[in-house]
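> Could you work out the structure for the sequence below:
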Amino acid sequence: MMTNGTNEQPVHDIEAMRQRGVPDHVGVIMDGNGRWAKQRDLPRTDGHTRGEEALFDAVEGALEVGLEWMTVYAFSTENWKRPPSEVAFIMWFNRDLLLRRADELDAREVRVRFIGRQKRPIPKSLLKIMDETERRTAHHRRLTLQIAFNYGGRAELVDAARALAEDVKAGRLQPGRVNEKSISSRLYSPDAPDVDLLVRTSGERRLSNFMLWEAAYAELVFDDVLWPDFRRTHLFDAIEEFQKRTRRFGAV
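Below is the predicted model of the structure:
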């Protein structure tokens, strides 16, 4: 990282980062919306609203540095336990966000995918817009933006196990052929590469049930910044940290 001589803000050499090799897949746990709002005596929902700017600046940064896959944790299977008013706000906010941003994502050649249990209690109107956004952007390959919505890593593995059990019962798969490949092929996004870099904001240091299978060998970077204040420079910092590490995958 470099700094300029005037405002001491980080200036990243994007071309050098590209040449060193960027991760195939970055996962982001977008944490800290509620705390950001609380620090400012604002409703928690204001933190979610401000998080939109952070997300799309991160997307711009991903495009700038040449990432091909990025998965963001938008709403977990456990988040239904939050106050009903906050849950309802998140549902309608995400619907409106897609309506506002679909043109922008399409113009930037971003393929949008949703991973998770795409069924009730997600409102039908939101499910419809999610499906329309996926179909509209399905042909793009510049960046695949996966939005983990009503997602849980354990739920994903349970769903994969159920699919395996059904295939074994129907005779489509022999029990002896159950292996890592057969499990991976039944995950929500089987063509996605494993997560190389997982970034979590807000200073918390845990996975919170996010991409447990796919992030088995991910490099973990924890950033103290609260999500609404996250910008592409934070993403670049995490990528540069990733590039400094040696990955052995269990070997010497």
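> Show me what the biggest helix by length in the chain is in contact with.
Looking across the chain with DSSP state H, the single longest helix is helix 84-107. For helix 84-107, contacts defined as CB atoms under 8 Å, 6 or more residues apart in numbering pick out 44-45, 48-49, 52, 56, 59, 74-75, 79-80, 112, 122-123, 125-126, 129-130, 132-133, 136-137, 140, 145, 149. The way it works is simple: take the backbone N, C-alpha and C, and place the C-beta from them, glycine included.
> Any of these buried? List them.
Among the contacts of helix 84-107, those classed as buried by 16 or more other CB atoms under 10 Å are 44-45, 48-49, 52, 56, 59, 74-75, 79, 112, 122, 126, 129-130, 133, 137, 140, 145, 149.
> Which stretches in the stretch 151-252 of the chain count as helices?
153-169, 180-184, 232-244 (DSSP state H, counting those that start in this stretch).
> could you pull out the strands for this structure?
2-3, 10-11, 25-29, 69-76, 110-115, 143-151, 197-200, 219-222 (DSSP state E).
> how about those strands in a markdown table, adding distance to Trp213 and mean pLDDT?
Converted to a markdown table, the strands of the chain look like this (distance: least, CB to CB, whole Å; pLDDT from 0 to 100):
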| stretch | distance to Trp213 | mean pLDDT |
| --- | --- | --- |
| strand 2-3 | 37 | 38 |
| strand 10-11 | 33 | 74 |
| strand 25-29 | 12 | 98 |
| strand 69-76 | 12 | 97 |
| strand 110-115 | 12 | 98 |
| strand 143-151 | 12 | 98 |
| strand 197-200 | 13 | 98 |
| strand 219-222 | 15 | 98 |
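> Tyr188 is nearest to which of these?
strand 110-115 (4.0 Å; CB to CB).
> same for the closest one, what does it pack against?
helix 124-137, strand 143-151 (3 or more CB pairs under 8 Å, 6 or more residues apart in numbering; DSSP states H and E).
> Could you export those as CSV, including distance to Ser85?
Below are those laid out as CSV (distance: least, CB to CB, whole Å):
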stretch, distance to Ser85
helix 124-137, 17
strand 143-151, 18
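> Phe230: which of these is closest?
Taking those one by one with CB to CB, strand 143-151 is closest: 15.3 Å.
> which residues does the residue nearest the centre of the chain contact?
The chain has Val72 as the residue nearest its centroid, 1.6 Å off, counting by CA atoms, centre = their mean. Contacts for Val72 were tallied using CB under 8 Å, 6+ apart; they are 27-28, 30, 55, 58, 145-148.
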